[in-house]
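Visitor: need a structure here:
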Amino acid sequence: MTSIFRPAAVAALLALAAPVLAKAPRELTYTVSMDPAANSNAFQVKLQLPKLKKDQATYQFAATAPGTYQVMDMGRFVSNFQAFDDKGKPLEAKQVSTNQWQLSQPEKTREIRYTIAETWDTPVKEHSIYRMCGSSLETDHALLNGQTLLGYPQGMQDKPLRLKLEYPSGWKAGSVLQADKEGYYHLQNYDHAVDSPILLGRLTEASTKLGNADVALYCYSATDKVQAEPLLGYMQKMLNAAQSFFGGQLPVQRYAFLYHFADRSAGAWEHSYSSEYVLLEQPLTPESAQGVVDIAAHEFFHVMTPLNIHSEVIEQFNFVQPTGSEHLWLYEGTTEWASHMMQLRGGLVPLDDYLSMLHDKVQYDRTRTDTTYSLSRLGLNSFSDEGQRQYGNIYQRGALTAGLLDLRLLELSGGKRGLRDVLLELAKQYGPNKPISEKNFFQDFTRLTYPEIGDFFKRYVQNAEPLPLQEYYGKVGVRYEPIVHTGKQVASLGQVGLAPRENNVYFTRVGGPLQAAGVQVGDQLLAVDGVRNDFTALRRVATRQPGSELPLTISRNGQEQTIRVKLGSTEDVKRYVFSQDPAATAAQLALRQVWLKNL
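Guide: Numbering: from 1, shown residues only. Model (predicted):
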């Protein structure tokens, strides 16, 4: 849908007294206008209302949104909030909290107007919004998320609505939504609007068919390095593998990928029938495309969890007060496991690469998080600052735990029923409109499978016992070794600690060769081996020769100097190593084949 936007006419309309309004619509009717040439930082929103009741006097903006696990407080971005009656007469409305405005006469209010700033370029003091979950307005494109633009009268979160966008002619709209002849998107309720992002602008488009499902891909690329058609080509094998993983039929009829490629990577955000990505623009090669495909595999699997498997916390989402779910491990950890496992089982990645991925996840869990912080606790505290500090581990320990659950289920069923099979059963039993029990899901899952699974959940999800990686992977002939002494000597800097501060990097710990060369705690690191502001060479020190010199440029007390560090030597010790066991038994190899082909 492309609407022709006439900025002069809209400006004149806003400057004049509001006209007499038409008969109250049956639906909440939103119009979002954007004119990046005149105002590149804000959207104009108009809402025509059905008749309100006295107890619907509070207009609510979102404090958060499903799948973000962060405080958003969209009221911070709102200005010029106004209310009008059916004759266009202004009515009093005042802000009563960060995200709420009070209507003085709700039963007379027929229209609400406000300006809401984009989140990308609007500075805030705390709780910055993830870019893929926010809004952006530029001269050649815009990214819209429902909760970053729309609010609702309290008590009307579940009411149907329609949405029209006014934007520059020549722009293309990318969304899973499809507009009617008048240009309106029709949505079941506010949650549906939040669940349906829209990418606008100078886009390329491609599509494919997966069984009965239509899959579309829309792409914005700042300098046209990435085009939709070749990108979808790189994704096709992953999509085919996902279709097989889902049992041959996707649980959706239409799905859309929305890609924004520009000057930085910020991640991706899942939705029930679409996903959106904010990624660094670079030429599309097999190597760069693989990273895009890996992210897409994760987001695409969310059509299983939480679309078809979710608790009441997700089903009846609280936009007023952020509320965590204990089953975040299921929505994100299991999805992360599935995104890699379906590529392994689909033949897209070899087993050794999959084992290398397991190494990375264990390393993250053991070195960057509190290993006593359980997955259940993380889910319940995900919106808090405490939970946010551990949040990344839901994709690491969460995925590792799901992998072990898969192996345990395969073992207990004699290779006939893994985690994939149970997820498909759960999706069939529940689906988009019937939530699992937030309180009783562990027990329900156990009754559906085996008594031993209850003990698994208690130990590794509800509590944080060390994961039995060696025991479980040994069942499929894969060795896990927490530490491997190679006996080989490699170059070393000795003790080193670095930390960022105000966009600079400083030494927080020095010892051995660094200390002997004169480096001190508090020195600012400027360059490694003559290359400024690129410290990746420090990670490759072990590839150099012991006794060779490594020049470091530092700043101390405002004085820049170069220090030549004579590299020491240390034993090459490898940690968290997964490898195929050459002495695997026939029984282990047989279960491995079942594990690798459980489709």
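Visitor: so L493 makes contact with R540?
Guide: No: proximity of L493 to R540 does not meet the contact threshold set by Cβ atoms under 8 Å, at 11.3 Å. In this view, the C-beta of every residue, glycine as well, is placed from N, C-alpha and C.
Visitor: and these two? Which one has more around it.
Guide: Of the pair L493 and R540, L493 is the one with more neighbours under other Cβ atoms under 10 Å, namely 22 against 11.
Visitor: helices or strands next to the longest strand along the chain in the packing?
Guide: Counting by DSSP state E, the longest strand found in the chain is strand 478-492. Contacts defined by 3 or more Cβ pairs under 8 Å, 6 or more residues apart in numbering; DSSP states H and E place strand 478-492 against helix 469-474, strand 568-580.
Visitor: could you check the angle strand 568-580 makes with the helix or strand just after the last one?
Guide: Read in the C-terminal direction, the helix or strand following strand 568-580 is helix 586-596, with elements assigned using DSSP states H and E. Between helix 586-596 and strand 568-580, the angle comes out at 90 degrees (axes from the mean of the first three to the mean of the last three Cα atoms, to 10 degrees).
Visitor: mind listing the strands for the stretch 201-350 of the chain?
Guide: Along the stretch 201-350 of the chain, counting by DSSP state E, counting those that start in this stretch, strands occupy 204-210, 213-221, 254-262, 267-270, 274-280.
Visitor: how about those, which one is nearest P513?
Guide: Among the strands of the stretch 201-350 of the chain, strand 274-280 comes nearest to P513, with 34.7 Å by Cβ to Cβ.
Visitor: helices and strands around that closest one, which ones?
Guide: Checked by 3+ Cβ pairs under 8 Å, 6+ apart, strand 274-280 has strand 254-262, strand 267-270, helix 286-301 packed alongside it.
Visitor: what does the last one contact?
Guide: Translated: helix 286-301. Outside helix 286-301, the residues within contact range by Cβ atoms under 8 Å, 6 or more residues apart in numbering are 231, 234-235, 238-239, 242, 245, 255, 257, 259, 267-270, 275, 277, 279, 282, 335-336, 338-340, 342-343.
Visitor: just the buried ones out of the residues you listed, please.
Guide: 231, 234-235, 238-239, 242, 245, 255, 257, 259, 268-270, 275, 277, 279, 335-336, 338-340, 342-343 (16 or more other Cβ atoms under 10 Å).
Visitor: low-confidence regions, the chain specifically.
Guide: Across the chain, the ranges flagged by pLDDT under 70 are 1-25, 599.
Visitor: quick check: domain ranges of it?
Guide: 7-201, 323-476+595-599, 485-574 (automatic domain parsing).
Visitor: could I get those domains as a markdown table with distance to C219?
Guide: A markdown table is the format used below for those (distance: least, Cβ to Cβ, whole Å):
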| stretch | distance to C219 |
| --- | --- |
| domain 7-201 | 8 |
| domain 323-476+595-599 | 21 |
| domain 485-574 | 29 |
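Visitor: which one of these lies closest to Q580?
Guide: Using Cβ to Cβ, the nearest of the domains of the chain to Q580 is domain 323-476+595-599, at 6.6 Å.
Visitor: chain center to the closest one, what's the gap?
Guide: 17 Å (Cα atoms, centre = their mean, to the nearest Å).
Visitor: ok so, going back, between the domains of the chain, which one is closest to Y218.
Guide: With respect to Y218, and counting by Cβ to Cβ, the nearest of these is domain 7-201 at 2.7 Å.
Visitor: distance of Y185 relative to S274?
Guide: For Y185, the distance to S274 (Cβ to Cβ, to the nearest Å) stands at 13 Å.
Visitor: pull up the overlap in contacts between the two.
Guide: Both Y185 and S274 are contacted by 175, 196, under the criterion Cβ under 8 Å, 6+ apart.
Visitor: neighbour-wise, which of the two wins?
Guide: Comparing Y185 with S274 by neighbour count (other Cβ under 10 Å), the higher total belongs to S274, at 28 against 21.
Visitor: what bridges to the more buried one?
Guide: Here S274 sits in beta bridges with A256, going by DSSP bridges.
Visitor: thought it was touching G174?
Guide: No: checked against Cβ under 8 Å, the pair S274 and G174 is beyond contact range at 9.1 Å.
Visitor: just to revisit the earlier point, quick check: buried residues in the longest strand of the chain?
Guide: Under the neighbour-count criterion of 16+ other Cβ under 10 Å, strand 478-492 has 478-480, 490-492 buried.
Visitor: same check, this time on stretch 501-519
Guide: For stretch 501-519, the neighbour count (16+ other Cβ under 10 Å) marks 506-507, 510, 512-515, 517, 519 as buried.
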